[in-house]
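Enquirer: structure for this input, please:
(one chain, ligands or ions: 1)
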Amino acid sequence: MEIPFIKMHGLGNNYIYIDLFQFNIEEELLSDLAQKVANVNTGIGSDGMILMHPSEKADLGMRIFNKDGSEGKSCGNGLRCTAKYAYEHGIVTKEKFTIETRANIVEAEVTANDEQVELITINMGRPELRRVHIPMMGSDDPEVISEPFVINGEELEVTAISMGNPHVVFFVDSIEAAPLYELGPIVEKDPRFPEGVNVEFIEVISSNELHFRVWERGSGVTQACGTGACAAVVAATLNHHCNKNEAVVVHLAGGDLTIKWDEAGDVWMTGGAEIIAKGVFQYVE
Ligand SMILES: N[C@H](CCC[C@H](N)C(=O)O)C(=O)O
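Expert: Numbering: from 1, shown residues only. Have a look, this model is predicted:
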């Protein structure tokens, strides 16, 4: 089956996008297709697959599948790329519009120059702090803020939240020394996270600047994670390193995002998005 695709990235977090306004695929093929397009040796190579689709609740919808074929509920970098594509390809005609994800409906605003989108701001909505909705097991505390967390024989501290998808944040003294590969895969699958978890390591530079690295649920180390950057700023604020209503620059491996957790409780993400290539994938079931 020939499947038209667009490869796009947000700060190096790259996905194979399929425009379901132009093409249709059976639901039961999606997980297998995501794994096959993401394979760098036998496929195209990406962190996963994203579907852009018609929506009855928003101007359009977006679904994200990780490299392992699992479906996530939201994707910050994917939302910025989807917003750029939707505006530049006439799926939307206004600079402000809404995008439905499995987690929520977000507001997007693009900044365009000669119809080319240069910057995208997404209101990612309110973080979920209640343990039961992250979800995370492990103690009766209703929230997970600087909670002792024994892993690999070490007692560390974690803060966990959901941005529609689960995140656990470790604060480290040096981002270069973050145990990304040692702890990432273990924590991702730890039974205290019944739905798995995205694992972030944060070095606080100042109240307006963080260094950030991520081991993503279902994809491993990626260059950037938009929902993770939002989770990092929320976690840093909950631990009194950052302040509400103040923009924070998050330095990810692939570049910078500006994140603000506002007084109304919404988390705003601003950053770029790029189209890498368009083509046709030869899909064999
Ligand atoms: N791995 C994530 C989905 C992708 C999120 C990330 N790429 C982003 O930009 O937010 C999950 O399973 O929840």
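Enquirer: residues of the chain that sit close to the ligand?
Expert: Within the chain, the positions lying close to the ligand (Cβ under 6 Å from any ligand atom) are 13, 64, 66, 72, 75-78, 165, 198, 216-219, 222, 225-228. In short, each C-beta sits where N, CA and C put it, glycine included.
Enquirer: in helices, which of these appear?
Expert: The helices, defined by DSSP state H, take in 76-78, 226-228 from these.
Enquirer: just flag the most distant two among those residues.
Expert: By the measure Cβ to Cβ, G78 and G228 form the most distant pair in these, at 12.4 Å.
Enquirer: all helices of the chain, in order?
Expert: Going by DSSP H, the chain shows helices at 30-38, 76-88, 180-188, 226-238.
Enquirer: tell me the mean pLDDT for the last one?
Expert: It refers to helix 226-238. Regarding helix 226-238, the rounded mean pLDDT is 98.
Enquirer: for that helix, packing partners?
Expert: helix 76-88, strand 154-162, strand 166-171, strand 198-206, strand 209-216, strand 248-252, strand 255-261, strand 267-271 (3 or more Cβ pairs under 8 Å, 6 or more residues apart in numbering; DSSP states H and E).
Enquirer: now do it and strand 255-261, the angle between them.
Expert: If you take axes from the mean of the first three to the mean of the last three Cα atoms, to 10 degrees, helix 226-238 sits at 50 degrees to strand 255-261.
Enquirer: and the third one, by the same measure?
Expert: Angle between the axes of helix 180-188 and strand 255-261 is 40 degrees (criterion: the same axes, to 10 degrees).
Enquirer: try the first one
Expert: With the same axes, to 10 degrees applied, the angle from helix 30-38 to strand 255-261 works out at 140 degrees.
Enquirer: ok, the second one next?
Expert: With the same axes, to 10 degrees as the basis, helix 76-88 and strand 255-261 are set at 100 degrees to each other.
Enquirer: with just CA atoms, put helix 76-88 into PDB.
Expert: C-alpha atoms of helix 76-88 as PDB (Å, rounded to 0.1, in the frame of the first residue of the first chain):
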ATOM      1  CA  GLY A  76       3.700  19.200  22.200                       C
ATOM      2  CA  ASN A  77       6.200  19.100  19.400                       C
ATOM      3  CA  GLY A  78       3.600  17.200  17.300                       C
ATOM      4  CA  LEU A  79       1.000  19.900  18.000                       C
ATOM      5  CA  ARG A  80       3.300  22.700  16.800                       C
ATOM      6  CA  CYS A  81       4.100  20.800  13.500                       C
ATOM      7  CA  THR A  82       0.400  20.000  13.000                       C
ATOM      8  CA  ALA A  83      -0.500  23.600  13.500                       C
ATOM      9  CA  LYS A  84       2.100  24.700  11.000                       C
ATOM     10  CA  TYR A  85       1.000  22.100   8.400                       C
ATOM     11  CA  ALA A  86      -2.700  22.900   8.900                       C
ATOM     12  CA  TYR A  87      -2.200  26.600   8.300                       C
ATOM     13  CA  GLU A  88       0.200  26.300   5.400                       C
END
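Enquirer: list the buried residues in it.
Expert: Under the neighbour-count criterion of 16 or more other Cβ atoms under 10 Å, helix 76-88 has 76-87 buried.
Enquirer: repeat that for stretch 271-280.
Expert: So for stretch 271-280, counting by 16+ other Cβ under 10 Å, buried means 271-273.
Enquirer: E100 against M62, yeah?
Expert: Yes. The criterion here is Cβ atoms under 8 Å, and E100 meets it with M62 at 7.2 Å.
Enquirer: now the helices and strands packed on helix 226-238 in TSV, with mean pLDDT?
Expert: As requested, the helices and strands packed on helix 226-238 are exported to TSV (pLDDT from 0 to 100):
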stretch	mean pLDDT
helix 76-88	98
strand 154-162	97
strand 166-171	98
strand 198-206	98
strand 209-216	98
strand 248-252	98
strand 255-261	98
strand 267-271	98
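Enquirer: as a markdown table, these with distance to P127 would be great.
Expert: Formatted as a markdown table, the helices and strands packed on helix 226-238 follow (distance: least, Cβ to Cβ, whole Å):
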| stretch | distance to P127 |
| --- | --- |
| helix 76-88 | 13 |
| strand 154-162 | 5 |
| strand 166-171 | 9 |
| strand 198-206 | 13 |
| strand 209-216 | 16 |
| strand 248-252 | 14 |
| strand 255-261 | 8 |
| strand 267-271 | 6 |
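Enquirer: tell me how far stretch 34-46 is from the chain's mean position?
Expert: Centre-to-centre, stretch 34-46 and its host chain are 19 Å apart (Cα atoms, centre = their mean, to the nearest Å).
Enquirer: before I go, just wanted to say thanks for your time.
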